[in-house]
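In: Got a sequence here, can you model it:
(one chain, ligands or ions: 1)
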Amino acid sequence: MTIEFPAGTVLGYPRIGRHRELKKAVESYWRGASDAAELAAARAGVRAAAREALVRAGLGADDSSIPEADASYDHVLDTLVTVGAVPARFADLASLDDVDLTFALARGDAEHPALEMTKWFDTNYHYLVPEIGPDTAFAYRSHERAEQVREAKAAGYTTRPTIVGPVTFLALAKPDDAAPEGFAPLDRLDDLVDVYLEVLADLRAAGAQWVQLDESALVSEVLPVAPERLTEAAARAYERIAAATDRPALFVQTSYAALPAAAYRALAGAGVEAIGVDLVRGALPDAVAKFPNVRVVAGVVDGHNIWRGDLAAAFDRLAEIAAQGVAVTASTSTSLIHVPHTLDDEGALDATLRNWLAFADEKAAQIATLAHGLAAGRDAIAEELQAATDALAERADATGVRIPEVRERAATEVRLDRGDWDARVEAQRDALGLPALPTTTIGSFPQTAEIRRARRAFGRGEIDTAAYEEFLRDEIRRVIELQEDLGLDVLVHGEPERNDMVQYFAEHLEGFAVTSNGWVQSYGSRCTRPSILWGDVHRPEAITVRWAEFAQSLTDKHVKGMLTGPVTILAWSFVRDDQPLGDTARQVALALRDEVADLEAAGIGIIQVDEPALRELLPLERARHEEYLRWSVDAFRAATSVAAPATQVHTHLCYSEFGEVIEAIDGLDADVTSIEAARSRMEVVADLQQHGFARGIGPGVWDIHSPRVPAEAEVAELVRLAVAGIPIQNLWINPDCGLKTRGYEETVASLRNLVAAAQEAREAVAAPVA
Ligand SMILES: [Zn+2]
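Out: Sure thing, here's the model as predicted:
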């Protein structure tokens, strides 16, 4: 096939809508406030706006450079519905229409627990995990993509339909309940490819000249499938797909890390027409020159971050590839779903900072510039390249980007060691006087409509600081009283002052900026607005101390100080790209270290530093793990090691796949770690036991991700499982995570059951065994 591929493209575009139109439409549909036609119209509106924005940015309307890549909820889930891979446990819902089926799979109901959700590679986007077994039926089901290609055609566009590739789809799936030991979803590759052939033929019939297949699994070394097996699967799948005559030209794209040369060879050798490689994260595979007929779609513009970057260097890389005699296309390194729509909506952002940034529309414009340069020569784009270079130079020297005092401090050693473990245990026992199996919560209490309303009113200047803070104190008072009533042992202040556990710290530390409309999709209709970490980070004044102090003044029980850890602050922000992450983490850690010291000085005896994102930043390449784990663990220790032996340091991680990082968690040297465990029914207990984890541990006994109230007996059963595997003096009883998304009704009922179950367990261990 010799259809021209455009000289510039993006791998995907934000699909939630510039003003979150899709989010609003989907949630309104869920509430029953609008019907399917209204939802479909809203989605079509978002798609049309995306095409228009990309053409405005300079991409071609009819040369397949615009990806057709919307999603009703998640792109993996949409692919699942496209190939009809409905898990057997949802079989009774299979007759729903495609959209309702999609939502049923994503959200579940009383009889059908939702599909599991997990991180998409090393990003903060979550996809739904397909469940595949030996008997999963595949059949071309949803024709949405083909319809969208037609819809675009009718509006004057030739777009490029984008779907998840068959290898990645199966590599990201998990075996269903019926699968025997040793079964891997990838065993079903041939059957799935049969359906892909039908899908591709239909896309062709709809007018697609090119199709984009996302095969990012090929870059990952941390999936349950070995890289060699993935490569071999790709060779097999794409040989069959390429051999089909009734199909669009094939563009297989990979993102988030370097594509191994073997995988490149497998794809190119199979006969795909274009291959996308992430050149922000990895080098060009050396196999490229051996396949002069395969177009390289070079991801030279970072799709996973918001920096304007070094456009001249990007162009030079493209020119180098072209000089090898290979056809090359300028592209983003990843889909742009990870960045907000446009800087046009950031009028409030400091103009200097804005000049250093590029969101989706601005990145698309960069691509258009690079493509023009490829066609017309470097001189034709010299001005744009120079402007980007100037912005970089300005950024390097700008006030706040490099602060000598912050750098000197970061270069100075701090003690990372909190001293002898046994001595610490003893000092804490004396200082804290806690009962056996202490009960606690993870930090936040329900963020009620009143809290959000008060915060909004304060933000708009409708109420003054005094009134807002009085409101917060009332809220804290209520939460403390409630916890005392419930009989919890270690209390929290409830975090009512925090809009978000990262943004709150970003707003109180120097070196961060906050956007007004910088939303990115986290999962389904959920969006987050990451802060921008642009400069050297320091803490102008104490952040949380007065709230903790106030809460502590209301009770004789211990109130935990509550901080977000350095790795999580990095993971959930847009982070500067001009120095190693570890250096940035160290600065954040030292700012937090001051906060820990101040909390301790204010009489707070237990301090929790949350690191729910510790595992999320784990690199996809194994060779990089050791370095990552070293700086991340050191950052946590730099933040916490200032605490005296008698002060108890807690951490919280909200996931249960521990295997990979259990040693690192041990290395954090926290006195107590709370983790998610309820949904997996305490699976983690065995892991901990096996590893000989000997620190305080609070495996969650209440799954707070759903509004369901667990019965006392249910909590008690989980407590029993924990007691059976964890030394009693190490065990804490707590929920899986914070309660901010829950309502008060279910919170009170569930915590009551949790406290009762802990009490029952205490009595059971105290009673002599007959
Ligand atoms: Zn959590």
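In: Name the residues that touch stretch 568-585?
Out: With C-beta atoms under 8 Å, 6 or more residues apart in numbering as the test, stretch 568-585 has contacts from 124, 302, 305-307, 309, 395-396, 401, 410, 501-502, 505-506, 512, 528, 530-535, 537, 566-567, 588, 610-614, 616-617, 627, 630-632, 634-635. Yep, even glycine has a C-beta here, placed from its N, CA and C like the rest.
In: One more: stretch 465-477?
Out: Here stretch 465-477 has contacts from 451, 454-455, 457-458, 463, 493-494, 496-497, 547, 550-551, 554, using C-beta under 8 Å, 6+ apart.
In: what's the answer for stretch 586-595, then?
Out: 406, 409-410, 414, 509, 511, 536-539, 542-545, 563, 565-566, 569-570, 609, 631, 634-636, 638-642.
In: count of neighbours near residue 619?
Out: 19 (other C-beta atoms under 10 Å).
In: contacting residues around it?
Out: Contacts of residue 619 by C-beta under 8 Å, 6+ apart are 122, 257, 625, 628.
In: Check residue 319 too.
Out: Residue 319 touches 374, 378, counting by C-beta under 8 Å, 6+ apart.
In: let's see 6 Å
Out: By C-beta atoms under 6 Å, 6 or more residues apart in numbering, the contact set of residue 319 is empty.
In: Surely it is in a strand?
Out: No. Secondary structure of residue 319 (DSSP: H, G, I helix; E, B strand; the rest coil): helix, not part of a strand.
In: so how far is residue 99 from it?
Out: Taking C-beta to C-beta, to the nearest Å as the measure, residue 319 falls 45 Å from residue 99.
In: which regions of the protein lie under the pLDDT threshold?
Out: Counting by pLDDT under 70, the ranges of the chain that qualify are 1-2, 656, 768-770.
In: Quick check: residues of it near the ion?
Out: 612, 654, 737 (C-beta under 5 Å from the ion).
In: Among the contacts of stretch 568-585, which ones are in strands?
Out: 512, 528, 532, 533, 534, 535, 537, 610 (DSSP state E).
In: Who wins on neighbours among those residues?
Out: residue 537 (29 neighbours).
In: On the three-state scheme, the nearest residue in space to residue 59 that is not next to it in sequence is what?
Out: Closest residue to residue 59 apart from its sequence neighbours, by C-beta to C-beta, 6 or more residues apart in numbering: residue 65 at 4.5 Å. With three-state DSSP as the basis, residue 65 sits in coil.
In: Check the gap between the residue positioned nearest the centre of the chain and residue 575 for me.
Out: By C-alpha atoms, centre = their mean, the chain has its centre lying nearest to residue 124, at 1.4 Å. As defined by C-beta to C-beta, residue 124 lies at a distance of 12 Å from residue 575.
In: swap in residue 24?
Out: 29 Å.
In: and if you look at residue 616?
Out: 13 Å.
In: contacting residues for the residue of the stretch 151-300 of the chain found nearest the ion?
Out: With C-beta to the ion as the measure, residue 222 is the residue of the stretch 151-300 of the chain nearest to the ion, at 21.4 Å. Residues counted as contacts of residue 222 (C-beta under 6 Å, 6+ apart) are residue 620.
In: same thing but at 7 Å, please
Out: By C-beta atoms under 7 Å, 6 or more residues apart in numbering, residue 222 lies in contact with 618, 620.
In: and the gap between it and residue 32?
Out: Residue 222 is 41 Å from residue 32, by C-beta to C-beta.
In: ditto for residue 103
Out: From residue 103 over to residue 32 (counting by C-beta to C-beta), the distance is 12 Å.
In: higher neighbour count, the two?
Out: residue 103 (20 against 7).
In: doesn't residue 526 make contact with the residue nearest to the centre of the chain?
Out: No. At 10.8 Å, residue 124 does not count as touching residue 526 under the criterion of C-beta atoms under 7 Å.
In: okay, now the residue lying closest to residue 610 once chain neighbours are set aside: neighbour count?
Out: Ranked by C-beta to C-beta, 6+ apart and with sequence neighbours excluded, the top spatial neighbour of residue 610 is residue 652, at 4.6 Å. Per other C-beta under 10 Å, the neighbour tally for residue 652 reads 27.
In: Tell me what residue 652 is bridged to.
Out: With DSSP bridges as the criterion, residue 652 is bridged to residue 610, residue 674.
In: quick one: contacts for it?
Out: So residue 652 contacts 442, 608, 610, 612, 674 (C-beta under 7 Å, 6+ apart).
In: From residue 502, how far out is the fourth one?
Out: Relative to residue 502, residue 612 is positioned 10 Å away (criterion: C-beta to C-beta).
In: same check, this time on residue 694
Out: From residue 694 to residue 502 the distance is 31 Å (C-beta to C-beta).
In: More neighbours: which of the two?
Out: Between residue 694 and residue 502, residue 502 has the larger neighbour count (other C-beta under 10 Å), namely 25 against 12.
In: pretty sure that one contacts residue 566?
Out: No. With contacts counted by C-beta under 7 Å, residue 502 stays clear of residue 566, the gap being 10.8 Å.
In: Output the residue of the stretch 301-450 of the chain whose distance to the ion is smallest.
Out: residue 442 (5.8 Å).
In: Please name the nearest non-neighbouring residue to that residue.
Out: Excluding its sequence neighbours, the residue lying closest to residue 442 (C-beta to C-beta, 6+ apart) is residue 738, at 4.5 Å.
In: do the same with residue 28
Out: Going by C-beta to C-beta, 6+ apart, residue 28 has residue 34 as its nearest residue, at 4.5 Å.
In: sec struct for that neighbour, please.
Out: Criterion first, three-state DSSP; result for residue 34: coil.
In: How about the one 3 residues further on?
Out: State at residue 37, reduced to three classes by three-state DSSP: helix.
In: what's the distance between it and residue 725?
Out: For residue 37 relative to residue 725 (C-beta to C-beta), the value is 53 Å.
In: How about residue 559?
Out: 30 Å.
In: The two - which one has more neighbours?
Out: Shown here are residue 559 and residue 725; by other C-beta under 10 Å, residue 559 has more neighbours (25 against 18).
In: Show the contacting residues for the more buried one.
Out: Residues in contact with residue 559 (C-beta under 7 Å, 6+ apart) are 491, 492, 493, 548, 551, 552, 604.
In: send the alpha carbons of the helix or strand containing it over as PDB?
Out: Per DSSP states H and E, residue 559 falls inside strand 558-564. Provided in PDB are the C-alpha atoms of strand 558-564 (Å, rounded to 0.1, in the frame of the first residue of the first chain):
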ATOM      1  CA  HIS A 558      -4.000  11.600  69.300                       C
ATOM      2  CA  VAL A 559      -4.700  13.500  66.100                       C
ATOM      3  CA  LYS A 560      -2.600  12.500  63.100                       C
ATOM      4  CA  GLY A 561      -0.800  15.300  61.200                       C
ATOM      5  CA  MET A 562      -1.500  14.800  57.500                       C
ATOM      6  CA  LEU A 563       0.900  15.500  54.700                       C
ATOM      7  CA  THR A 564       1.200  14.500  51.000                       C
END
